[in-house]
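1. Need the 3D shape of this:
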Amino acid sequence: MASPSHRRSLRRRRALVVSAAAVVTAGLGASLFVMNANADENADENADDNAAAVDLYHQTLAEKDGWASSGTGTTGGTKADAAHTFTVSTRAELVKALGSASDTTPRIIKVNGTIDANTDDADKKLTCADYASGTGYSLSAYLKAYDPATYGTSKLPSGTEETARAAAQAKQAKSIVFKVPANTTVVGVPGTKAGITGGMLQIQNVDNVVVRNLTFAATEDCFPQWDPTDGDDGNWNSNYDSVTLRGATHVWADHNTFTDAPHFDSANPEYYGREYQIHDGALDITKGSDLVTVERNQFTNHDKTMLIGSSDTDSVGKLRVSIHHNVWKGIVQRAPLARIGQIHIYNNLYDVTTLNGYATQYSINSRAQAQVVAENNYWTLPSGGKVAKLLSGDGTGAVAGGGNLVNGTATDLVAAYNAANSKKLKTTVNWTPTLTAGLETSAKDLPTSLGTATGAGVLK
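-> Numbers count the residues shown, from 1 in each chain. The predicted model follows:
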């Protein structure tokens, strides 16, 4: 049973959410209103406890706030007792706090400052050379072994050098992959620049997880694999998303920042004439994951950003995701790429101006019969940009909805795309969104309102 103080906090939160409805009508986000309404109570607390008055660590997803509010809703670790409430500032402390991925005991994990995933248990920095040590891997040997001129282009690498690469990659994974149990809240402590550098939160086959107020940066694979059969010219493919959902349900990702910084793709070398890509996804939702709400995050300086559905045969009847009030800036593609599921994309801000070498290919891709409703979003399109390239598809996906603005002008994105492409996007879907708390009926104010109300470090 929650303590009396928790009950008071929850009653207060409900009252604030109700009050926030009026603010949403005026074009401001409910989360920002809740944050500001509680901030005055919080001014005198220290860094670790300054969320006590707001009870940031016990906040749950509001009713009807996207797919993750469906059914039992998403509460994370709000029922955690004192023994399962942790403050962590190192990789080793985070691993200990997470415990076993099969332990369903509610837990709250407060991340105080930036945790470097590429460290050992003594907090000593680890490098790619450390992971390669003892495995027999070297990049020069790998490049020599699988040069398309001699190895060919019809089969994946196999043999001694590929075995060594896989071993080195697995060694890195032991350090940087953090497995999140069910009924867990992971929240950055306000005012501490909270986040995880170089790591991946893996939310796999568990239910009821909250991830908030964290910066995920520089998630990098030291050992990409060459695949000569990927595309016409082959590709280097890496592991490790910053946050990955695999078979996960009821997940709320709120007020986080995702970025490749400080190593941008423009600094990647080329081997075999292809970019040596060390980054994978930012936040991927795959393997039958379901009932997910992604709100008020910033996605920036990244290529393959959000994948919904790992393949065209991922789970039918699942992959239900709500994506709202996020900022996408300097994103090449997959914002998101959606397969199969029912995806609601609303009140997002897309700035498709090239940033740090990241040039947009498209924003939203609907394929494999995905049922996407995209409404009241705002695109900032630079001079010379083409509206027809904001969407993409394979001829089986659908994008419904309206109220989308491009540089402030109402624009039929699907009509523009279909006029320029032979594989048409369908314009009707098999569902109607109802879990739409906070939906703004106009996108015109999003460039202003979302600038200071999204990403890590905003919650107080």
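2. Helix, strand, or coil at the residue of the chain positioned farthest from its centre?
-> Farthest-out residue of the chain from its mean C-alpha position, per Cα atoms, centre = their mean: Thr150, at 39.2 Å. What DSSP: H, G, I helix; E, B strand; the rest coil gives for Thr150 is helix.
3. Can you tell me how far it is from Pro228?
-> Separation of Thr150 from Pro228 (Cβ to Cβ, to the nearest Å) stands at 12 Å. Placement of C-beta: from N, CA and C, glycine included.
4. what does Thr153 give?
-> Taking Cβ to Cβ, one finds Thr153 at 4 Å from Pro228.
5. Residues in contact with both of these two, list them for me.
-> Gly234 (Cβ atoms under 8 Å, 6 or more residues apart in numbering).
6. shaky segments in this structure?
-> Counting by pLDDT under 70, the ranges of the chain that qualify are 1-54.
7. what residue is smack in the middle of it?
-> Leu283 (2.7 Å).
8. Verify the contact between that residue and Met306 for me.
-> Yes. Here Leu283 lies in contact with Met306, judged by Cβ atoms under 8 Å, at a distance of 5.3 Å.
9. Please enumerate the shared neighbours of these two.
-> With Cβ under 8 Å, 6+ apart, Leu283 and Met306 have common neighbours 294, 299.
10. returning to that earlier point: the more surrounded of Thr153 and Pro228?
-> Shown here are Thr153 and Pro228; by other Cβ atoms under 10 Å, Pro228 has more neighbours (19 against 13).
11. give the contact list for Arg107.
-> Arg107 makes contact with 77, 80, 84-86, 97-99, 181, 183-185 under the criterion Cβ under 8 Å, 6+ apart.
12. For it, which non-adjacent residue is closest in space?
-> Leaving aside its sequence neighbours, Arg107 sits nearest to His84 (Cβ to Cβ, 6 or more residues apart in numbering; 4.2 Å).
13. In the protein, mark out all the helices, start to finish.
-> 4-25, 30-39, 91-98, 128-132, 139-145, 148-151, 160-176, 413-420, 446-449 (DSSP state H).
14. Around Asp232, count how many other residues there are.
-> Neighbourhood size, Asp232 [other Cβ under 10 Å]: 6.
15. Relative to Thr153, how far out is it?
-> 10 Å.
16. Over to Ala167?
-> Ala167 is 25 Å from Thr153, by Cβ to Cβ.
17. again with Thr452
-> Distance, Thr452 to Thr153, using Cβ to Cβ: 49 Å.
18. what's the first-to-last distance across stretch 263-278?
-> 10 Å (Cα to Cα, to the nearest Å).
19. Over to stretch 442-455?
-> 21 Å.
20. Among the contacts of Arg107, which one lies nearest to Ile323?
-> Comparing the contacts of Arg107 against Ile323 with Cβ to Cβ places Thr185 closest, at 20.5 Å.
21. The closest one - nearest residue in space that isn't next to it in sequence?
-> Leaving aside its chain neighbours, Thr185 sits nearest to Gly76 (3.5 Å; criterion: Cβ to Cβ, 6+ apart).
22. I'd like the distance between that neighbour and Pro106.
-> Here the criterion is Cβ to Cβ. By it, Gly76 lies 8 Å from Pro106.
23. Of those two, give the one with the bigger neighbour count.
-> Taking other Cβ under 10 Å, Gly76 and Pro106 do not tie; Gly76 has more neighbours (29 against 20).
24. can I assume that one is in contact with Ala182?
-> No. With contacts counted by Cβ under 8 Å, Gly76 stays clear of Ala182, the gap being 9.5 Å.
25. what sits in contact with each of those two?
-> Contact with both Gly76 and Ala182 is made by residues 208-209, according to Cβ under 8 Å, 6+ apart.
26. Just the buried ones among the contacts of Arg107, please.
-> The neighbour-count criterion (16 or more other Cβ atoms under 10 Å) marks 77, 80, 84-86, 97-99, 181, 183-185 among the contacts of Arg107 as buried.
27. Select from these every entry located in strands.
-> Filtering those for membership in strands, criterion DSSP state E, returns 85-86, 184-185.
28. can you put the residues you listed in CSV and add distance to Asn237?
-> Formatted as CSV, those follow (distance: Cβ to Cβ, whole Å):
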residue, distance to Asn237
Thr85, 39
Phe86, 35
Thr184, 29
Thr185, 32
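29. For Lys110, state which of the residues you listed is nearest.
-> Nearest member of these to Lys110, counting by Cβ to Cβ, is Phe86, at 6.7 Å.
30. ok, the closest one touching Asn112?
-> No. Under the criterion of Cβ under 8 Å, Phe86 is not in contact with Asn112, lying 10.0 Å apart.
31. how many neighbours does the nearest residue to Val88 once chain neighbours are set aside have?
-> Among residues not flanking Val88 along the chain, Leu94 sits closest, at 4.7 Å (Cβ to Cβ, 6+ apart). Counted with other Cβ under 10 Å, the neighbours of Leu94 add up to 20.
32. show me what contacts Leu94?
-> Contacts of Leu94 by Cβ under 8 Å, 6+ apart are 88, 109, 111, 115, 178, 196.
33. Could you check how far it is from Ala83?
-> For Leu94, the distance to Ala83 equals 17 Å [Cβ to Cβ].
34. Repeat that for Gly397.
-> Distance of Gly397 to Ala83, given as Cβ to Cβ: 47 Å.
35. more crowded one of these two?
-> Gly397 (27 against 8).
36. For the nearest residue to that one once chain neighbours are set aside, give me its contacts.
-> Using Cβ to Cβ, 6+ apart and skipping the chain neighbours, the partner closest in space to Gly397 is Ser366 (3.1 Å). Contact analysis of Ser366 by Cβ under 8 Å, 6+ apart lists 338, 343, 372, 391-393, 397-399, 425.
37. try Ser154
-> By Cβ under 8 Å, 6+ apart, the contact list for Ser154 reads 228-229.
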